[in-house]
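K.L.:
All I have is the shape, not the residue letters:
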(Lines give C-alpha, C1' and ligand atoms only; values in the text may rest on other atoms or scores of the structure.)
Protein backbone atom coordinates (compact mmCIF):
# COMPACT_ATOMS: atom_id res chain seq x y z
CA UNK A 1 0.00 0.00 0.00
CA UNK A 2 2.92 2.34 0.69
CA UNK A 3 4.16 1.95 -2.89
CA UNK A 4 0.67 2.61 -4.19
CA UNK A 5 0.36 5.73 -2.07
CA UNK A 6 3.71 6.99 -3.36
CA UNK A 7 2.54 6.44 -6.93
CA UNK A 8 -0.63 8.42 -6.27
CA UNK A 9 1.37 11.21 -4.63
CA UNK A 10 3.80 11.44 -7.55
CA UNK A 11 0.99 11.45 -10.12
CA UNK A 12 -0.94 14.17 -8.31
CA UNK A 13 2.18 16.30 -7.98
CA UNK A 14 2.57 16.15 -11.74
CA UNK A 15 -1.13 16.80 -12.28
CA UNK A 16 -1.35 19.94 -10.15
CA UNK A 17 1.82 21.44 -11.61
CA UNK A 18 0.91 20.84 -15.25
CA UNK A 19 -1.67 22.39 -17.55
CA UNK A 20 -5.20 21.07 -16.91
CA UNK A 21 -6.08 18.21 -19.19
CA UNK A 22 -8.08 19.24 -22.27
CA UNK A 23 -10.71 16.51 -22.40
CA UNK A 24 -12.12 17.84 -25.66
CA UNK A 25 -9.02 16.89 -27.61
CA UNK A 26 -9.42 13.28 -26.62
CA UNK A 27 -13.01 13.38 -27.84
CA UNK A 28 -11.79 13.94 -31.37
CA UNK A 29 -9.97 10.66 -31.46
CA UNK A 30 -10.41 7.10 -30.40
CA UNK A 31 -13.37 7.28 -28.07
CA UNK A 32 -16.11 7.29 -30.70
CA UNK A 33 -17.39 3.80 -31.25
CA UNK A 34 -19.86 2.34 -33.68
CA UNK A 35 -22.37 0.33 -31.67
CA UNK A 36 -25.72 -1.39 -32.02
CA UNK A 37 -28.78 -1.83 -29.85
CA UNK A 38 -30.71 -4.40 -31.88
CA UNK A 39 -30.05 -7.61 -33.76
CA UNK A 40 -30.73 -6.11 -37.20
CA UNK A 41 -27.85 -3.62 -36.98
CA UNK A 42 -24.78 -4.39 -39.03
CA UNK A 43 -22.32 -2.19 -37.14
CA UNK A 44 -19.72 -3.45 -34.67
CA UNK A 45 -21.47 -3.65 -31.28
CA UNK A 46 -20.42 -1.74 -28.21
CA UNK A 47 -21.25 -3.43 -24.95
CA UNK A 48 -24.20 -1.91 -23.14
CA UNK A 49 -22.40 -2.49 -19.86
CA UNK A 50 -19.16 -1.50 -18.23
CA UNK A 51 -17.28 -2.72 -15.18
CA UNK A 52 -16.27 -0.33 -12.43
CA UNK A 53 -13.46 -1.75 -10.36
CA UNK A 54 -10.64 -1.15 -7.95
CA UNK A 55 -8.38 -4.04 -7.02
CA UNK A 56 -10.53 -7.08 -6.27
CA UNK A 57 -13.75 -5.06 -6.09
CA UNK A 58 -15.84 -4.81 -9.25
CA UNK A 59 -19.40 -4.28 -10.39
CA UNK A 60 -20.91 -4.51 -13.87
CA UNK A 61 -23.41 -1.74 -14.59
CA UNK A 62 -25.35 -0.45 -17.58
CA UNK A 63 -23.63 2.52 -19.22
CA UNK A 64 -26.92 4.41 -19.19
CA UNK A 65 -28.28 4.59 -15.66
CA UNK A 66 -31.81 5.38 -14.51
CA UNK A 67 -31.61 8.27 -12.04
CA UNK A 68 -34.28 8.32 -9.33
CA UNK A 69 -33.86 11.83 -7.87
CA UNK A 70 -37.17 12.56 -9.59
CA UNK A 71 -39.02 10.40 -7.05
CA UNK A 72 -38.16 12.79 -4.22
CA UNK A 73 -40.88 15.36 -4.99
CA UNK A 74 -41.04 18.37 -7.28
CA UNK A 75 -41.55 16.49 -10.55
CA UNK A 76 -45.13 15.35 -10.07
CA UNK A 77 -46.88 12.90 -7.79
CA UNK A 78 -45.44 9.39 -7.95
CA UNK A 79 -47.86 6.48 -7.73
CA UNK A 80 -46.07 3.53 -6.16
CA UNK A 81 -47.59 0.82 -8.36
CA UNK A 82 -47.15 2.82 -11.56
CA UNK A 83 -43.56 3.62 -10.60
CA UNK A 84 -42.62 0.00 -10.03
CA UNK A 85 -44.33 -1.02 -13.28
CA UNK A 86 -42.19 1.60 -15.04
CA UNK A 87 -39.02 0.27 -13.40
CA UNK A 88 -39.84 -3.16 -14.79
CA UNK A 89 -40.32 -1.71 -18.29
CA UNK A 90 -36.92 -0.02 -18.12
CA UNK A 91 -35.26 -3.22 -16.92
CA UNK A 92 -37.08 -5.30 -19.55
CA UNK A 93 -35.66 -2.91 -22.17
CA UNK A 94 -32.12 -3.57 -20.93
CA UNK A 95 -31.86 -0.39 -18.83
CA UNK A 96 -31.44 -2.28 -15.58
CA UNK A 97 -29.18 -0.08 -13.42
CA UNK A 98 -30.98 2.25 -11.02
CA UNK A 99 -29.35 5.07 -9.07
CA UNK A 100 -30.91 6.45 -5.90
CA UNK A 101 -30.05 7.87 -2.47
CA UNK A 102 -31.11 7.66 1.13
CA UNK A 103 -32.69 11.13 0.84
CA UNK A 104 -34.50 10.67 -2.50
CA UNK A 105 -37.92 10.30 -0.91
CA UNK A 106 -39.26 6.76 -1.49
CA UNK A 107 -36.59 5.77 -4.03
CA UNK A 108 -34.98 3.01 -1.96
CA UNK A 109 -38.41 1.65 -0.94
CA UNK A 110 -39.53 1.59 -4.57
CA UNK A 111 -36.41 -0.36 -5.46
CA UNK A 112 -37.21 -2.87 -2.70
CA UNK A 113 -40.69 -3.43 -4.12
CA UNK A 114 -39.28 -3.62 -7.65
CA UNK A 115 -36.58 -6.16 -6.78
CA UNK A 116 -39.13 -8.40 -5.09
CA UNK A 117 -41.31 -8.32 -8.19
CA UNK A 118 -38.25 -9.26 -10.23
CA UNK A 119 -37.64 -12.19 -7.91
CA UNK A 120 -41.25 -13.36 -8.29
CA UNK A 121 -42.01 -12.52 -11.90
CA UNK A 122 -38.76 -12.86 -13.83
CA UNK A 123 -36.35 -15.80 -14.35
CA UNK A 124 -33.35 -16.10 -12.01
CA UNK A 125 -30.84 -14.99 -14.68
CA UNK A 126 -32.77 -11.70 -15.08
CA UNK A 127 -31.89 -10.74 -11.52
CA UNK A 128 -28.19 -11.04 -12.32
CA UNK A 129 -28.45 -8.01 -14.63
CA UNK A 130 -30.27 -5.70 -12.21
CA UNK A 131 -28.23 -3.22 -10.18
CA UNK A 132 -29.28 -0.85 -7.42
CA UNK A 133 -26.79 1.92 -6.64
CA UNK A 134 -27.53 4.12 -3.67
CA UNK A 135 -25.93 7.06 -1.90
CA UNK A 136 -25.36 7.88 1.72
CA UNK A 137 -25.35 11.58 2.59
CA UNK A 138 -24.75 11.81 6.35
CA UNK A 139 -24.77 14.91 8.51
CA UNK A 140 -21.34 16.07 9.78
CA UNK A 141 -21.41 14.03 12.98
CA UNK A 142 -18.73 11.74 14.40
CA UNK A 143 -18.34 8.76 12.06
CA UNK A 144 -18.26 5.84 14.48
CA UNK A 145 -18.45 2.25 13.30
CA UNK A 146 -21.89 1.79 14.87
CA UNK A 147 -23.30 4.97 13.29
CA UNK A 148 -22.06 4.03 9.81
CA UNK A 149 -23.32 0.47 10.09
CA UNK A 150 -26.75 1.51 11.36
CA UNK A 151 -27.10 3.98 8.50
CA UNK A 152 -26.16 1.39 5.88
CA UNK A 153 -28.52 -1.14 7.40
CA UNK A 154 -31.41 1.28 6.82
CA UNK A 155 -30.69 1.28 3.07
CA UNK A 156 -30.25 -2.51 3.01
CA UNK A 157 -33.63 -2.92 4.67
CA UNK A 158 -35.42 -0.41 2.45
CA UNK A 159 -33.95 -1.90 -0.73
CA UNK A 160 -34.51 -5.44 0.61
CA UNK A 161 -31.03 -6.68 -0.24
CA UNK A 162 -28.45 -8.46 1.87
CA UNK A 163 -25.63 -6.54 0.21
CA UNK A 164 -25.79 -3.12 -1.47
CA UNK A 165 -24.46 -3.30 -5.03
CA UNK A 166 -22.79 0.09 -4.59
CA UNK A 167 -22.70 2.63 -1.79
CA UNK A 168 -21.76 6.09 -3.04
CA UNK A 169 -20.60 8.36 -0.22
CA UNK A 170 -21.07 12.13 -0.04
CA UNK A 171 -19.45 14.53 2.45
CA UNK A 172 -20.41 18.17 2.95
CA UNK A 173 -17.42 19.73 4.70
CA UNK A 174 -13.82 18.91 3.77
CA UNK A 175 -12.54 20.78 6.84
CA UNK A 176 -13.98 17.89 8.85
CA UNK A 177 -11.72 14.87 8.16
CA UNK A 178 -14.41 12.46 9.35
CA UNK A 179 -15.02 11.40 5.76
CA UNK A 180 -11.91 9.21 5.94
CA UNK A 181 -13.23 7.50 9.07
CA UNK A 182 -16.57 6.90 7.36
CA UNK A 183 -14.91 5.45 4.26
CA UNK A 184 -12.76 3.13 6.33
CA UNK A 185 -15.87 1.83 8.11
CA UNK A 186 -17.62 1.42 4.77
CA UNK A 187 -14.62 -0.56 3.51
CA UNK A 188 -14.89 -2.83 6.57
CA UNK A 189 -18.60 -3.34 5.88
CA UNK A 190 -17.71 -4.22 2.30
CA UNK A 191 -15.28 -6.86 3.56
CA UNK A 192 -18.11 -8.26 5.69
CA UNK A 193 -20.37 -8.58 2.64
CA UNK A 194 -22.85 -5.82 3.45
CA UNK A 195 -21.66 -3.70 0.50
CA UNK A 196 -20.25 -4.97 -2.80
CA UNK A 197 -18.47 -1.79 -3.91
CA UNK A 198 -17.63 1.53 -2.26
CA UNK A 199 -17.83 4.69 -4.36
CA UNK A 200 -18.01 8.47 -4.03
CA UNK A 201 -20.29 11.23 -5.18
CA UNK A 202 -19.35 14.88 -5.67
CA UNK A 203 -15.79 14.63 -4.38
CA UNK A 204 -13.15 16.87 -5.93
CA UNK A 205 -9.82 15.82 -7.41
CA UNK A 206 -7.75 16.75 -4.37
CA UNK A 207 -9.90 14.73 -1.97
CA UNK A 208 -10.10 11.77 -4.36
CA UNK A 209 -6.30 11.82 -4.36
CA UNK A 210 -6.28 11.79 -0.56
CA UNK A 211 -8.78 8.93 -0.40
CA UNK A 212 -6.75 6.84 -2.84
CA UNK A 213 -3.62 7.67 -0.88
CA UNK A 214 -5.32 6.23 2.21
CA UNK A 215 -5.94 2.94 0.44
CA UNK A 216 -9.73 3.22 0.15
CA UNK A 217 -10.77 1.08 -2.87
CA UNK A 218 -13.37 3.40 -4.41
CA UNK A 219 -14.53 2.25 -7.84
CA UNK A 220 -16.19 5.45 -9.08
CA UNK A 221 -17.01 9.07 -8.39
CA UNK A 222 -20.42 10.41 -9.42
CA UNK A 223 -20.16 14.00 -10.65
CA UNK A 224 -22.06 16.59 -12.65
CA UNK A 225 -20.93 16.40 -16.28
CA UNK A 226 -22.55 17.65 -19.47
CA UNK A 227 -21.66 19.32 -22.75
CA UNK A 228 -22.01 22.60 -20.86
CA UNK A 229 -20.20 21.45 -17.71
CA UNK A 230 -16.91 19.88 -18.77
CA UNK A 231 -15.12 20.47 -15.45
CA UNK A 232 -14.53 16.74 -14.83
CA UNK A 233 -12.27 16.62 -17.90
CA UNK A 234 -9.88 19.29 -16.59
CA UNK A 235 -8.28 17.39 -13.67
CA UNK A 236 -10.56 14.68 -12.33
CA UNK A 237 -10.67 12.51 -15.46
CA UNK A 238 -6.90 12.31 -15.80
CA UNK A 239 -6.54 11.09 -12.22
CA UNK A 240 -9.36 8.59 -12.72
CA UNK A 241 -7.89 7.34 -15.98
CA UNK A 242 -4.49 6.81 -14.41
CA UNK A 243 -5.82 4.76 -11.49
CA UNK A 244 -8.78 3.05 -13.12
CA UNK A 245 -11.51 4.88 -11.20
CA UNK A 246 -14.60 5.58 -13.33
CA UNK A 247 -16.79 8.65 -13.49
CA UNK A 248 -20.55 8.20 -13.32
CA UNK A 249 -22.17 11.37 -14.58
CA UNK A 250 -25.41 13.12 -13.74
CA UNK A 251 -26.90 16.34 -15.09
CA UNK A 252 -25.91 15.07 -18.52
CA UNK A 253 -29.15 16.24 -20.17
CA UNK A 254 -29.38 19.15 -17.70
CA UNK A 255 -32.78 18.20 -16.34
CA UNK A 256 -34.24 18.25 -19.85
CA UNK A 257 -32.81 21.60 -20.98
CA UNK A 258 -30.71 19.70 -23.53
CA UNK A 259 -33.75 18.67 -25.53
CA UNK A 260 -36.00 19.73 -28.39
CA UNK A 261 -38.46 21.15 -25.86
CA UNK A 262 -36.22 24.15 -25.22
CA UNK A 263 -34.97 24.62 -28.78
CA UNK A 264 -35.84 28.03 -30.28
CA UNK A 265 -37.32 29.35 -27.03
CA UNK A 266 -36.71 32.65 -25.26
CA UNK A 267 -36.75 32.32 -21.50
CA UNK A 268 -35.72 35.95 -21.04
CA UNK A 269 -39.36 36.92 -21.73
CA UNK A 270 -41.72 35.90 -18.91
CA UNK A 271 -44.06 33.05 -19.87
CA UNK A 272 -42.68 32.96 -23.43
CA UNK A 273 -41.09 29.53 -23.14
CA UNK A 274 -41.66 26.22 -21.36
CA UNK A 275 -41.86 26.65 -17.58
CA UNK A 276 -38.86 25.81 -15.44
CA UNK A 277 -41.13 23.88 -13.12
CA UNK A 278 -38.86 21.20 -11.67
CA UNK A 279 -35.88 21.40 -9.29
CA UNK A 280 -33.57 20.02 -11.98
CA UNK A 281 -34.62 22.54 -14.65
CA UNK A 282 -34.10 25.39 -12.20
CA UNK A 283 -30.72 24.03 -11.11
CA UNK A 284 -29.33 23.59 -14.61
CA UNK A 285 -30.72 26.88 -15.89
CA UNK A 286 -28.40 28.52 -13.34
CA UNK A 287 -25.56 26.48 -14.85
CA UNK A 288 -26.47 27.77 -18.33
CA UNK A 289 -26.42 31.33 -17.00
CA UNK A 290 -22.95 30.83 -15.50
CA UNK A 291 -21.64 29.17 -18.67
CA UNK A 292 -22.71 31.66 -21.31
CA UNK A 293 -26.37 32.56 -21.14
CA UNK A 294 -29.50 31.55 -23.01
CA UNK A 295 -28.51 32.93 -26.41
CA UNK A 296 -25.34 30.85 -26.57
CA UNK A 297 -27.26 27.88 -25.23
CA UNK A 298 -29.70 28.23 -28.13
CA UNK A 299 -26.79 28.06 -30.56
CA UNK A 300 -25.69 24.86 -28.81
CA UNK A 301 -29.19 23.37 -29.05
CA UNK A 302 -29.38 24.24 -32.74
CA UNK A 303 -26.03 22.54 -33.33
CA UNK A 304 -27.08 19.46 -31.38
CA UNK A 305 -30.32 19.32 -33.34
CA UNK A 306 -28.41 19.24 -36.64
CA UNK A 307 -26.25 16.41 -35.33
CA UNK A 308 -29.31 14.57 -33.99
CA UNK A 309 -31.20 14.93 -37.28
CA UNK A 310 -28.20 13.65 -39.20
CA UNK A 311 -28.25 10.44 -37.14
CA UNK A 312 -32.01 10.13 -36.74
CA UNK A 313 -31.95 10.53 -32.97
CA UNK A 314 -32.90 13.17 -30.39
CA UNK A 315 -30.88 15.97 -28.77
CA UNK A 316 -30.71 14.16 -25.39
CA UNK A 317 -29.35 11.05 -27.12
CA UNK A 318 -26.52 13.10 -28.66
CA UNK A 319 -25.86 14.85 -25.32
CA UNK A 320 -25.43 11.59 -23.44
CA UNK A 321 -23.37 9.92 -26.16
CA UNK A 322 -20.99 12.88 -26.19
CA UNK A 323 -20.31 12.53 -22.46
CA UNK A 324 -20.03 8.74 -22.56
CA UNK A 325 -17.24 9.25 -25.09
CA UNK A 326 -15.22 11.40 -22.69
CA UNK A 327 -12.15 10.24 -20.82
CA UNK A 328 -12.78 8.04 -17.74
CA UNK A 329 -16.59 8.13 -18.04
CA UNK A 330 -18.05 4.73 -17.21
CA UNK A 331 -21.73 5.61 -17.22
CA UNK A 332 -24.15 8.50 -17.62
CA UNK A 333 -27.44 9.00 -15.86
CA UNK A 334 -30.82 10.05 -17.21
CA UNK A 335 -33.47 10.99 -14.65
CA UNK A 336 -36.65 8.94 -14.81
CA UNK A 337 -40.12 10.25 -13.94
CA UNK A 338 -41.49 6.84 -13.12
CA UNK A 339 -45.09 6.35 -14.14
CA UNK A 340 -45.33 9.87 -15.55
CA UNK A 341 -43.22 9.70 -18.71
CA UNK A 342 -40.45 7.58 -20.16
CA UNK A 343 -37.51 7.89 -22.51
CA UNK A 344 -36.69 4.24 -23.11
CA UNK A 345 -36.43 4.65 -26.88
CA UNK A 346 -34.08 7.65 -26.66
CA UNK A 347 -31.98 5.95 -23.99
CA UNK A 348 -31.52 2.77 -25.99
CA UNK A 349 -30.63 4.79 -29.08
CA UNK A 350 -27.51 6.00 -27.24
CA UNK A 351 -25.90 2.59 -27.67
CA UNK A 352 -26.22 2.67 -31.47
CA UNK A 353 -25.02 6.23 -31.93
CA UNK A 354 -21.47 6.94 -33.06
CA UNK A 355 -20.48 10.60 -33.27
CA UNK A 356 -17.95 11.37 -35.99
CA UNK A 357 -15.23 14.02 -36.11
CA UNK A 358 -17.51 16.46 -37.91
CA UNK A 359 -20.15 16.11 -35.18
CA UNK A 360 -17.67 16.67 -32.37
CA UNK A 361 -16.02 19.60 -34.16
CA UNK A 362 -19.36 21.37 -34.62
CA UNK A 363 -20.19 20.93 -30.93
CA UNK A 364 -16.75 22.14 -29.85
CA UNK A 365 -17.08 25.22 -32.00
CA UNK A 366 -19.96 26.32 -29.78
CA UNK A 367 -18.86 25.06 -26.37
CA UNK A 368 -15.46 26.73 -26.63
CA UNK A 369 -17.28 30.06 -26.65
CA UNK A 370 -18.63 29.35 -23.18
CA UNK A 371 -16.98 30.33 -19.92
CA UNK A 372 -14.66 28.05 -17.96
CA UNK A 373 -16.88 26.77 -15.15
CA UNK A 374 -13.83 25.56 -13.26
CA UNK A 375 -12.86 29.20 -12.75
CA UNK A 376 -16.41 30.26 -11.87
CA UNK A 377 -17.58 27.34 -9.69
CA UNK A 378 -14.50 25.32 -8.85
CA UNK A 379 -13.76 21.62 -9.16
CA UNK A 380 -16.32 18.80 -9.19
CA UNK A 381 -18.76 19.10 -6.32
CA UNK A 382 -17.67 22.58 -5.27
CA UNK A 383 -21.13 23.88 -6.15
CA UNK A 384 -22.36 22.06 -3.03
CA UNK A 385 -19.71 23.51 -0.74
CA UNK A 386 -19.59 27.20 -1.60
CA UNK A 387 -20.49 29.58 1.22
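P.N.:
That came in fine, so what should we check first? Everything numeric in this text was worked out from a predicted model, so none of it was measured.

K.L.:
buried residues in stretch 123-133?
P.N.:
Neighbour counts over stretch 123-133 (16 or more other Cβ atoms under 10 Å) mark 129, 130, 131, 132, 133 as buried. In short, each C-beta sits where N, CA and C put it, glycine included.

K.L.:
Compute the first-to-last residue distance for that stretch.
P.N.:
Across its full length, stretch 123-133 reaches 22 Å between end residues, using Cα to Cα, to the nearest Å.

K.L.:
Give the rounded mean pLDDT of it.
P.N.:
Averaging pLDDT along stretch 123-133 yields 97.

K.L.:
Show me the strands in the protein, by range?
P.N.:
49-54, 57-62, 64-67, 97-99, 131-136, 166-169, 198-201, 220-224, 246-250, 329-335 (DSSP state E).

K.L.:
and the shortest one, what other elements does it pack with?
P.N.:
Counting contacts by 3 or more Cβ pairs under 8 Å, 6 or more residues apart in numbering; DSSP states H and E, strand 97-99 is packed against strand 64-67, strand 131-136.

K.L.:
List the pairing partners of that strand within its sheet, with orientation.
P.N.:
strand 64-67 (parallel), strand 131-136 (parallel) (DSSP bridges).

K.L.:
thinking again about what came up before, can you redo the helices and strands packed on strand 97-99 as TSV, where the extra columns are distance to residue 194?
P.N.:
Listed next are the helices and strands packed on strand 97-99 as TSV, based on distance: least, Cβ to Cβ, whole Å:
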stretch	distance to residue 194
strand 64-67	22
strand 131-136	12
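
K.L.:
just those strands: most buried one?
P.N.:
Stretch with highest mean neighbour count among these: strand 64-67 (a mean of 26; mean count of other Cβ atoms under 10 Å).

K.L.:
Pull the distance from it to the chain's centre.
P.N.:
How far strand 64-67 lies from its chain's middle: 8 Å, per Cα atoms, centre = their mean, to the nearest Å.

K.L.:
Could you tell me which residues make contact with residue 330?
P.N.:
50, 52, 61, 63, 220, 246, 247, 248 (Cβ atoms under 8 Å, 6 or more residues apart in numbering).

K.L.:
Turn those into JSON lines, including distance to residue 190, neighbour count and pLDDT.
P.N.:
Output for these, formatted as JSON lines (distance: Cβ to Cβ, whole Å; neighbours: other Cβ atoms under 10 Å; pLDDT from 0 to 100):
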{"residue": "50", "distance to residue 190": "20", "neighbour count": "20", "pLDDT": "97"}
{"residue": "52", "distance to residue 190": "14", "neighbour count": "23", "pLDDT": "98"}
{"residue": "61", "distance to residue 190": "17", "neighbour count": "27", "pLDDT": "98"}
{"residue": "63", "distance to residue 190": "23", "neighbour count": "21", "pLDDT": "98"}
{"residue": "220", "distance to residue 190": "14", "neighbour count": "27", "pLDDT": "98"}
{"residue": "246", "distance to residue 190": "17", "neighbour count": "24", "pLDDT": "98"}
{"residue": "247", "distance to residue 190": "20", "neighbour count": "25", "pLDDT": "98"}
{"residue": "248", "distance to residue 190": "18", "neighbour count": "29", "pLDDT": "98"}
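
K.L.:
Noted, bye for now.
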